[in-house]
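Asker: Fold the following for me, if possible:
(one chain, ligands or ions: 1)
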Amino acid sequence: MPNIYDIFKKDPNLHAQKYEHYFAVYEKYLARFVNKPVNVLEIGVDRGGGLKMWQQYFGPKAKIFGIDILPSCAKFTKGNVKVFIGSQADREFLRELIKKLPKIDVVIDDGSHVAKHIITAFEEIYPHISDNGVYIVEDLHTSYWPKMFWSRKRRNNFGRVFFYRGRLYLNGFAEYAGRLIHQLNSYHRDPKSYKWFLIPRAQRKAAVPADDLAKNTRGIYFHDCMAVFERGKMPEPLRLYK
Ligand SMILES: C[S@@+](CC[C@H](N)C(=O)[O-])C[C@H]1O[C@@H](n2cnc3c(N)ncnc32)[C@H](O)[C@@H]1O
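Answerer: Below is the predicted model:
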C-alpha cells in the first residue's frame, strides 16, 4: 500500500507545498480509492506537484484531471493526466467541464483559496461527484489572512477580494461549510419529523422533505485548514425505540 507522505517526501521532482498534517487526512479519506479506477479532479495545478502525487498514490488505473487559470499548466497533460484551463469561479466553464469528464470520485480544491470561488466550485461540482465520492477543500487558513498576506499578484490573479474589518474570515469558506450543518440536518427541520421517524420507512405516507445535501452526504468533517465532504446515500432516518 503506497504511503502518500513518503511519495511527497521522496520524489525530488515533485514540487508542491502542503501542511504536514494533510497527509494523514488524505490517508483517512482517500486510501479506499488506491489502485482502483478512480477519477480525481484537482483544482489548482501550479507546478504540477499535486497531479504527480495523486498519480503515484492512486496508481495506474486512476485518471487525474486538473483545472488552472494559467495556460502554462496545460503542459502537464500527459498519459493519465489531463489539465483544463479555466477558472473555478466560472460556472459556465465548470458546467461544460462536468459534461466532458467521467464521474469524479475525488476532488481536491487547492486553487484560488478565495471563498467565493471555492463556494462556486463546490456548488457546481459536488452534486455531480460519484455516490461515494470525497470532496476536500484545502488551505482554509487563507480565510484568516490579513490583507497584507494577499500579494498584489494574488489579488490581480484572483480578482476582487472582500475584507471584513481587515480579515476575510466572516466570508470564509469555513463559515459557509459550517452553516451547511443545517442542510445536513434538514430531515429534522419539520417539527413533525419527531413522530415520522418512529414510523417504519415503508409505512410512511409521504417522503420526508430534506435538502439534496442531506440525502447524499454521509458527513462533513473539519480538520485544521481543511473541510472534507463524504458523499453517500442517506436514507430517511428511522428512530429505534426500545
Ligand atoms: C496552491 S497552487 C496549486 C498547487 C497544486 N495543487 C499542488 O499541490 O502542487 C494554486 C493554483 O491555483 C491556480 N488558481 C488561482 N486562481 C484560480 C482560479 N480561479 N481557478 C483555477 N485555478 C486558479 C493558480 O494559478 C495556482 O496555480
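Asker: List, one by one, the residues from the chain near the ligand.
Answerer: Taking Cβ under 6 Å from any ligand atom as the criterion, the neighbours of the ligand within the chain are 16, 42-47, 49-50, 67-70, 87-89, 110-112, 117, 157-158. For glycine as for every other residue, the C-beta is placed from the backbone atoms N, C-alpha and C.
Asker: Just the residues you listed: which are in strands?
Answerer: Secondary-structure check on the residues of the chain next to the ligand using DSSP state E: residues within strands are 42-43, 67-68.
Asker: Distance of residue 98 relative to the ligand?
Answerer: In this structure, residue 98 lies at 15 Å from the ligand, with Cβ to the nearest ligand atom, to the nearest Å as the measure.
Asker: quick check, that residue in a strand?
Answerer: No. With DSSP: H, G, I helix; E, B strand; the rest coil as the criterion, residue 98 is helix rather than part of a strand.
Asker: are any of the residues of the chain next to the ligand buried, and which?
Answerer: Applying a neighbour-count criterion of 16 or more other Cβ atoms under 10 Å, the buried members of the residues of the chain next to the ligand are 42-46, 49-50, 67-69, 87-89, 110-112, 117, 158.
Asker: give me the number of residues near residue 21?
Answerer: The local packing count at residue 21 equals 11, with neighbours defined by other Cβ atoms under 10 Å.
Asker: Please read the previous query as pertaining to residue 222.
Answerer: By other Cβ under 10 Å, 12 other residues sit near residue 222.
Asker: which ones are touching it?
Answerer: Residues counted as contacts of residue 222 (Cβ atoms under 8 Å, 6 or more residues apart in numbering) are 174, 177-178, 228.
Asker: Dump the residues you listed to a markdown table, plus secondary structure.
Answerer: Output for those, formatted as a markdown table (three-state DSSP):
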| residue | secondary structure |
| --- | --- |
| 174 | helix |
| 177 | helix |
| 178 | helix |
| 228 | strand |
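Asker: which two in those are spaced the farthest apart?
Answerer: By the measure Cβ to Cβ, 178 and 228 form the most distant pair in these, at 13.4 Å.
Asker: Which of the contacts of residue 222 sits closest to the ligand?
Answerer: For these, the minimum distance to the ligand (Cβ to the nearest ligand atom) is 16.2 Å, reached by residue 228.
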